[in-house]
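1. Got a predicted structure here, sequence first:
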There are 2 protein chains.
Amino acid sequence: MDKKYTIKDIAKLAGVSKGTVDRVLHNRGKVSPTALDKINEVLKVIDYQPNLIARNLKNNKVYHICVLLPDPEFDPYWLPCINGIDDAKKEFKAYNVNIETHFFNPESKKSFVNTNQTVIAQAPDAVLLAPLFHKETLEVMKQYEELNIIVNTFNNQVESDVIKSFVGQDLHKSGRVAASLMSLIVSEGQIAIIHIDESVKNAVHMQEKEKGFRNYFEEKNNPNFTINTLKLKFSNIEAKLEAFLIENTNLKGIFITTSKAYQIASLLPEEKCKKIALIGYDLIHKNITHLNKGSIHFLIHQNQKRQVYLGVATLVEHFLYGKEIPQTIVLPIDIINAENASFYIS
Amino acid sequence: MDKKYTIKDIAKLAGVSKGTVDRVLHNRGKVSPTALDKINEVLKVIDYQPNLIARNLKNNKVYHICVLLPDPEFDPYWLPCINGIDDAKKEFKAYNVNIETHFFNPESKKSFVNTNQTVIAQAPDAVLLAPLFHKETLEVMKQYEELNIIVNTFNNQVESDVIKSFVGQDLHKSGRVAASLMSLIVSEGQIAIIHIDESVKNAVHMQEKEKGFRNYFEEKNNPNFTINTLKLKFSNIEAKLEAFLIENTNLKGIFITTSKAYQIASLLPEEKCKKIALIGYDLIHKNITHLNKGSIHFLIHQNQKRQVYLGVATLVEHFLYGKEIPQTIVLPIDIINAENASFYIS
DNA sequence: TTGTAAAGTGTGTTCGAGCACATTTTGTTT
DNA sequence: AAACAAAATGTGCTCGAACACACTTTACAA
């Protein structure tokens, strides 16, 4: 009933040889109309699924995939990606796939370009890339295109015909999700959006989140709220935050657009900590600690690990099974609090 | 560098034939200590990964897997499961796997047993089962064991040595998650836990959720709250709910332990709807509508689709690649509100 | 009608693991 | 030293798809 048909079966049913069936299936070589009809007749009746196992056995090329991402030493945000890559490596290690990780310095465009050059020199079959720098990304794309190297991206979107796929989140929506949670905890007063980041590379990210956040409150059109934006850099966090708190005594909530919510949480004076709602990003250890203490209310999970895993898995499945590469994979915006956090940490 | 070694390579390196290598790898037949040493020496140096593709080509048995679950006609809760099965079918259709779905009536123990009998008569290689009825499940387990049919379960846990795996959620924790969200929206007053279900089959489910919910508030030990439990059945929902609302004017929040939150939402009078926080389960269409209208605040996603998908995928990968079947897979408790719901609906 | 190129078709090998079976080596007994 | 069983080892086939190559048939010009 659910028997798997082979090329041999088709050949027998059509009264031809497997070679002819093969030519029909792959539109190669010459086949007489008579044979073509007979084979098509058979193919119409049965549901032929080529045995991928056998196909792959033959095509035993080793596929070479490079993953390019910022060195987690510079920013722990990228740490979960390593796990995602490891997961993919583990899952596919028995197949002819070779996955290689390359780090670049997220503060340096030059490092980004150089790492890409190293990878290009290796001439892999595909690349999964965190395209942090827009202009530089477009430049290296030209080279990837010339060498017919498939390029997938994750984390942030860059428009280019060369890029086959993007895996990531809708940042605008993620700002809205943060806002919806904030409006649940805080009913009136002042809300601050804080951008903390050492470099400018995340500027677009942070802006999109801010836009989404503000958009939500604009829609609500509640006059009881005022929203301010504060930009902090490593060197001035403490002083600037203190000044801000003194100036804004009616502060009820803070939305931190990066994974640095823990820094704010640990700088807030004890008595304010309980009163001010904090919402941030990413399940890094320090954030989880504050989440459990109650000094951070919600975290939004950006699931970098899964982003990279899916980016790699998509490529492997494309090579191994000829699956199509989806143009975009949008990951859900997971809402995390102290109660469900444990399920997402890995 | 990352070259894939084959048995032939090992044989050559050890100076023996592939037959001998094969015997060492599988501890079968007789091998001289000399040969064993030589081969082990080689195996120590290289990282041999048998080519799963080739292995499977030989073992081209068609594996037969049956999925048993309640008919979604009786309860739309089970509808997403169909998608999960379809996903698995799609993913594995090119392999020698035959996945068959069998429905039973969730209100009838007899139907449950009968469906199991039908499946047993087919003698599949494995079964994925929603073990709604405890006693009956244990009974059919005996038969599955005798026939060496692998049994995986999902949705609810039943303790049995025969059952190899369970995929589901931690219901106690899920109650706690609901409570944590409730305590965020409601700061004092009365909270109701409502169980709505036509049958008793979900009793354990609902109880676990209630326990978790109460447990959270007990820990908080906040005297401003009172929590009541209300059990409703299809026939008496409207009248009983109305009476309850009249009796309890200070009602601030309702936790519905089943997917029927929409029923409560649509029965609440307009003026109360805005004031009373509703938290329920499952992303079924009617719940989503209320979520978007604002009459339901949060839904907890039980991800039935993924439960079934993982249950099936685990089995297929076990048969095809010899992967171990994990004893339990606990899915995360996804918090859903109007802003992030769209990402989870499929 | 034969020659010959083109068109059409079939055969046989490959991939790596697994396993049956054939063959060789070893060890023991007479 | 021969005989022979037991132990050890090697050979060769299988799985299904892919493809090279050899072979057969057709078509048409000489």
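-> Received the coordinates, thanks. Numbering: from 1, shown residues only, chains lettered A, B, ... in the order given.
2. and the least confident helix or strand in chain A by mean pLDDT, how far out from the chain's middle?
-> Ranked by mean pLDDT, DSSP states H and E, the weakest helix or strand in chain A is helix A:270-273, scoring a mean of 77. With C-alpha atoms, centre = their mean, to the nearest Å as the basis, helix A:270-273 stands 35 Å off its chain's centre.
3. gap between the residue nearest in space to the middle of chain A and DNA strand C?
-> Closest to where the C-alpha atoms of chain A average out (C-alpha atoms, centre = their mean) is residue A:307, at 3.0 Å. Plainly put, residue A:307 is 32 Å away from DNA strand C if you go by C-beta to the nearest atom of the strand, to the nearest Å. All C-beta spots, glycine's among them, are computed from the backbone N, C-alpha and C.
4. quick one on the thing from earlier: and the next element down the chain from the least confident helix or strand of chain A?
-> Per DSSP states H and E, the first helix or strand lying C-terminal to helix A:270-273 is strand A:277-281.
5. Wait, residue A:297 touches residue A:279, no?
-> Yes. Contact criterion C-beta atoms under 8 Å: residue A:297 and residue A:279 qualify, at 6.0 Å.
6. tell me, what's touching those two both at once?
-> Common contact partners of residue A:297 and residue A:279 (C-beta atoms under 8 Å, 6 or more residues apart in numbering or on different chains): residue A:181.
7. end to end, how far does stretch A:50-65 reach?
-> For stretch A:50-65, the first and last residues are 26 Å from each other (C-alpha to C-alpha, to the nearest Å).
8. Tell me the buried residues in it?
-> Buried residues in stretch A:50-65, counted by 16 or more other C-beta atoms under 10 Å in any protein chain shown: A:51, A:52, A:53, A:56, A:57, A:63, A:64, A:65.
9. helix or strand for the fifth one, which one?
-> Residue A:57 belongs to helix A:52-58 when assigned by DSSP H and E.
10. Can the helix or strand following that helix be said to contact DNA strand C?
-> Once the chain leaves helix A:52-58, the next helix or strand it forms, by DSSP H and E, is strand A:63-70. No. Using C-beta under 7 Å from any atom of the strand, strand A:63-70 never reaches DNA strand C; the gap is at least 14.0 Å.
11. Quick one: list the elements packing against strand A:63-70.
-> Strand A:63-70 makes packing contacts with helix A:79-92, strand A:97-104, helix A:109-122, strand A:126-129, helix A:304-321 when contacts are defined by 3 or more C-beta pairs under 8 Å, 6 or more residues apart in numbering or on different chains; DSSP states H and E.
12. Next one: the nearest residue to residue A:162 once chain neighbours are set aside from residue B:68, what distance?
-> The spatially closest residue to residue A:162, leaving aside those adjacent along the chain, is residue A:141, at 4.2 Å (C-beta to C-beta, 6 or more residues apart in numbering or on different chains). From residue A:141 across to residue B:68, the span is 50 Å (C-beta to C-beta, to the nearest Å).
13. what does chain A put close to DNA strand C?
-> A:16-20, A:23, A:29-35, A:54, A:57-58, A:60.
14. hmm, 10 Å instead?
-> A:7-8, A:11, A:14-24, A:28-36, A:38-39, A:53-60, A:62, A:94, A:96 (C-beta under 10 Å from any atom of the strand).
15. where does the stretch 151-300 of chain A have low pLDDT?
-> Along the stretch 151-300 of chain A, the model assigns pLDDT under 70 to residues A:198-201.
16. unless I'm mixing things up, residue A:133 is touching residue A:112, no?
-> Yes. With contact defined as C-beta under 8 Å, residue A:133 counts as touching residue A:112 (5.3 Å).
17. Now residue A:345: closest residue in space, sequence neighbours ignored.
-> In this structure, residue A:345 finds its nearest non-sequential neighbour in residue A:283, 5.5 Å apart by C-beta to C-beta, 6+ apart.
18. mind listing what the one you found touches?
-> Counting by C-beta under 8 Å, 6+ apart, residue A:283 touches A:80, A:299, A:301, A:336, A:341, A:344, A:345.
19. The first one and DNA strand C: what is the separation?
-> For residue A:80, the distance to DNA strand C under the criterion C-beta to the nearest atom of the strand works out to 32 Å.
20. my guess is that residue contacts residue A:305, does it?
-> Yes. Counting by C-beta under 8 Å, residue A:305 is a contact partner of residue A:80 at 3.9 Å.
21. Tell me how many other residues surround residue A:11.
-> When counting by other C-beta atoms under 10 Å in any protein chain shown, one arrives at 18 neighbours for residue A:11.
22. for residue A:22, that is, sorry about that
-> 15.
23. and what of residue A:177?
-> Residues contacting residue A:177 under the criterion other C-beta under 10 Å number 29.
24. Secondary structure element for it, which one?
-> With DSSP H and E as criterion, residue A:177 is part of helix A:171-185.
25. Quickly check: that helix near chain B or not.
-> Yes. Counting by C-beta under 8 Å from any C-beta of the partner chain, chain B has neighbours in helix A:171-185: A:173, A:176, A:177, A:179, A:180, A:181, A:184, A:185.
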